[in-house]
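>>> Let's see this in three dimensions:
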Amino acid sequence: MTWQTYLDDQQQRFVDELLEFISIPSVSAAGKYAADVQRAAEWVAGRLQSAGAQTVAVMPTGGHPVVYGDWLHAGPDKPTVLIYGHFDVQPAEPFELWQSPAFEPEIRDGCVFGRGASDDKGGMLIPIVAFEALLKGQSSVPVNVKFLFEGQEEIGSPELPDFVAANRALLSCDMIFSSDGLQWSADEANLVTGLKGLVGLEVTVTGPTADQHSGLHGGGIANPLQALSQLLSSLKDTDGRITVDGFYDPVVELTEEDRAEIAKVPWDEAAYVAELGVPDVFGEAGYTTRERLWARPTLEINGITGGYQGGGSKTVLPAKASAKITCRLVANQQPDAIFDCIRDHIQRHLPPGVRASVDRLQGSADPYLMPRGHNASQVAGETLREIYGKAPYVTRLGGSIPVMSVFLKELGVHTTMFGFSVGDENLHAPNEFFRLANFRRGQQAYCRLLERLGGNGSSPS
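Okay, the predicted model is just below:
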C-alpha cells in the first residue's frame, strides 16, 4: 500500500475526527474553558498515539498544557523534523452571529464550519494524518519526527518561552515546520518568510488629585488630557514617519530583491480601500502600502481614556488621561529596546505641569525573518510548487507568532510556516470554516514534504 492509497481509504475517518476535535471548546482566553483545553490536549495525545507516535505526553507549563510526541526510528543519518501547531481556539462570541453552533461543527458546501476549524485544528491534524499515512500506509517515515502542540497560542503563548528553554534537549531538531499558517488563496500557494514582532505600552498622564472645575481652574493648571494629546501627536509626523529617537536604528531595510518579491504578489489597492471603507491609504512615505503592511514597523494608538465620557456636557478639567499603544516591529528591532525608546521620548516631551508614567503591557514578540535561501523553506517551496502546479508567492505578515522567535532563540532553528488555511475563512470571527479540499491537499503536501526531507523525493540544490 502507498500513503496515497491510505489517505484515500481513510479520508472519511479523518474528517469525522476533525469534527470531533472541533467540538471541544478549547478556548484558552476564558478560565471557564480550562478543563476543555486540557481535554483537547488529551484528545491530541490520544490521536498521536493512534497514529503511531511514541513518547507521547501531555506536559504542564504553569498554564495551559502542551502535547509532545515523537517517532525517532528513521536513523541518525536522517534529519529530525519538529512539527508545531496549537489546539486552543479563540472565543466564539457573539454566538448569535453563527449560522450553526460554534462547537457543533457542520459540513456545508465542501467546508467544515466551527470555531477552530481553520485556526488551527484543521491545520494541526493534517501533519498527524500525514505521519500516520506514511507509517501505516508504507511502514516507514523517511525522517525522524517530533510534534509539539500547544494550548495557549491564542493568548500569546505566555508559558512557552520557559517551557522551550527548559526542554531544549527534548525538542532539539534540524528543521521546524508550523502547521499554523496560510496559503494565498484556495488554489494558490504561499510561503511566509517574515512576521512582525510586538510590544505594547500604556501612557498615563496625571495632574491634580481629582477632576477640577474647568471654569475655576482652567488656565491655572495643566490639563492632562491636553498634555496626553500633545505627547501622542509628537510620536509621528504628518507623513506617517515615527519620530521617536532610535526607533528605526536597528531596522533591516528592504533590499531591491525584497521589494521586487513583494511587488510580484497580486494587489488591488482600490479594492483594499473600498473593503475598509476609508477615503485613501496612508502611511510612511517612500514605501508602497504592501511594503508598509508587511515589512515596515508601526506605532498605533489603540485607545484613549480621560475626562468625562457620558452624554451632554460636564465642564471638568480631568485629573488623569491615558492611552494604550502597540508597535509592530521588524527585524532587528527588539521589544525591550523599543519600549525604552518610547518611554524616554515621553519623558523628554512631557509638557509642564503634569506627570507621566509609561507601563509595559502584557504580550510581546520578537520580529521574525527567514534567511533568504533557507534550506527548509526551499524544500517547502518546491513541495508547494508540486502540489499547486505553480510556485508559491513569497510573502510576509503584519501579525506575530511569538513561538517562532522562541524556537529560534532557544533551539537555534528557524521555523517554516506550512499551513493550509486561507485568510477568508473567518479566522477569529463568527462562522469560521475550513475547506475540506485543502484539508486533503495539506495531507498530500506533508507526505511529500517529509519524503523530500528524507531524500525520497527531489531536494534543493
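
>>> What ranges does the stretch 101-250 of the chain have for its helices?
Applying DSSP state H, counting those that start in this stretch to the stretch 101-250 of the chain gives helices spanning 122-138, 160-166, 168-171, 214-217, 224-233.

>>> With mean pLDDT and mean neighbour count added, can I get those helices in TSV?
For every residue, glycine as well, the C-beta is placed using N, CA and C. Putting the helices of the stretch 101-250 of the chain into TSV (pLDDT from 0 to 100; neighbours: other Cβ atoms under 10 Å) gives the following:
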stretch	mean pLDDT	mean neighbour count
helix 122-138	97	25
helix 160-166	97	18
helix 168-171	98	14
helix 214-217	95	12
helix 224-233	98	20
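
>>> Go through the ones you listed and name the closest to Asp340.
Between Asp340 and the helices of the stretch 101-250 of the chain, the tightest spacing by Cβ to Cβ is seen for helix 224-233, at 16.3 Å.

>>> counting contacts, what elements does the closest one pack onto?
strand 197-206, strand 298-306, strand 320-329 (3 or more Cβ pairs under 8 Å, 6 or more residues apart in numbering; DSSP states H and E).

>>> Let me have the ones you listed in CSV, extended by mean neighbour count.
Shown next, in CSV, are those (neighbours: other Cβ atoms under 10 Å):
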stretch, mean neighbour count
strand 197-206, 21
strand 298-306, 15
strand 320-329, 21
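
>>> Kindly present those strands as CSV, with separate columns for distance to Ser185.
Compiled in CSV, the helices and strands packed on helix 224-233 are given as follows (distance: least, Cβ to Cβ, whole Å):
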stretch, distance to Ser185
strand 197-206, 27
strand 298-306, 26
strand 320-329, 24
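
>>> Figure out which of those strands is closest to Ala53.
So among the helices and strands packed on helix 224-233, strand 197-206 is nearest, using Cβ to Cβ, at 32.4 Å.

>>> pull the CA atoms of the closest one into PDB?
The C-alpha coordinates for strand 197-206 follow below in PDB (Å, rounded to 0.1, in the frame of the first residue of the first chain):
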ATOM      1  CA  GLY A 197       7.200  41.500  16.500                       C
ATOM      2  CA  LEU A 198       5.100  43.200  19.100                       C
ATOM      3  CA  VAL A 199       5.400  45.500  22.100                       C
ATOM      4  CA  GLY A 200       2.600  47.300  23.900                       C
ATOM      5  CA  LEU A 201       2.600  50.100  26.500                       C
ATOM      6  CA  GLU A 202       0.200  52.400  28.300                       C
ATOM      7  CA  VAL A 203       1.000  56.100  28.900                       C
ATOM      8  CA  THR A 204      -0.700  57.700  31.900                       C
ATOM      9  CA  VAL A 205      -0.600  61.500  32.400                       C
ATOM     10  CA  THR A 206      -1.700  62.900  35.800                       C
END
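
>>> tilt between it and strand 298-306?
30 degrees (axes from the mean of the first three to the mean of the last three Cα atoms, to 10 degrees).

>>> show me where the stretch 151-300 of the chain has strands.
Listed from the start of the chain, the stretch 151-300 of the chain has strands (DSSP state E, counting those that start in this stretch) covering 175-178, 182-183, 190-195, 197-206, 212-213, 298-306.

>>> could you dump those strands to TSV with distance to Glu410 and mean pLDDT?
Listed next are the strands of the stretch 151-300 of the chain as TSV, based on distance: least, Cβ to Cβ, whole Å; pLDDT from 0 to 100:
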stretch	distance to Glu410	mean pLDDT
strand 175-178	11	98
strand 182-183	25	95
strand 190-195	17	94
strand 197-206	16	96
strand 212-213	52	96
strand 298-306	27	97
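
>>> Adding distance to Ala376 as columns, could you present those in JSON lines?
Listed next are the strands of the stretch 151-300 of the chain as JSON lines, based on distance: least, Cβ to Cβ, whole Å:
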{"stretch": "strand 175-178", "distance to Ala376": "4"}
{"stretch": "strand 182-183", "distance to Ala376": "17"}
{"stretch": "strand 190-195", "distance to Ala376": "11"}
{"stretch": "strand 197-206", "distance to Ala376": "21"}
{"stretch": "strand 212-213", "distance to Ala376": "61"}
{"stretch": "strand 298-306", "distance to Ala376": "28"}
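
>>> which stretch among these comes nearest Leu436?
strand 182-183 (14.4 Å).

>>> Tell me the strands beside that closest one, with direction?
strand 421-422 (parallel) (DSSP bridges).

>>> quick one, what contacts Gly207?
Ile221, Ala222, Asn223, Pro224, Ala227, Leu317, Pro318, Ala319, Lys320, Gly353, Val354, Arg355 (Cβ atoms under 8 Å, 6 or more residues apart in numbering).

>>> Give me the nearest residue to Tyr388, chain neighbours excluded.
Ala189 (4.3 Å; Cβ to Cβ, 6 or more residues apart in numbering).

>>> Stretch 446-458: how far from the chain's middle?
26 Å (Cα atoms, centre = their mean, to the nearest Å).

>>> Give me the distance between Gly197 and Gly181.
Gly197 sits at a distance of 18 Å from Gly181 (criterion: Cβ to Cβ, to the nearest Å).

>>> ignore the last one, Pro60
27 Å.

>>> Which of the two has more residues huddled nearby?
Comparing Pro60 with Gly181 by other Cβ atoms under 10 Å, the one with more neighbours is Gly181, at 24 against 11.

>>> Chain neighbours aside, what residue packs nearest to the more buried one?
Gly419 (2.9 Å).

>>> Can you report how many residues lie near the one you found?
So Gly419, with other Cβ under 10 Å, has 26 neighbours.

>>> before we move on, what about the one 4 residues further on?
Here the count is done by other Cβ under 10 Å, and Gly423 has 13 residues near it.

>>> do the same with the one 10 residues further on
The burial metric for Phe433, expressed as a neighbour count using other Cβ under 10 Å, is 25.

>>> what residues are up against it?
Per Cβ under 8 Å, 6+ apart, neighbours of Phe433: Cys111, Val112, Phe113, Gly114, Ala117, Ser118, Glu425, Asn426.

>>> Who is it paired with across the strands?
Here Phe433, judged by DSSP bridges, has bridge partners Phe113.

>>> Pop the domain breakdown of the chain in here.
3-195+367-453, 197-251+297-360 (automatic domain parsing).

>>> beta partners for Gly218?
Beta-bridge partners of Gly218, as defined by DSSP bridges: Ile221.

>>> Wait, it touches Val316, no?
No: applying Cβ atoms under 8 Å, one finds Gly218 not in contact with Val316, separated by 9.7 Å.

>>> higher neighbour count, those two?
Val316 (17 against 13).
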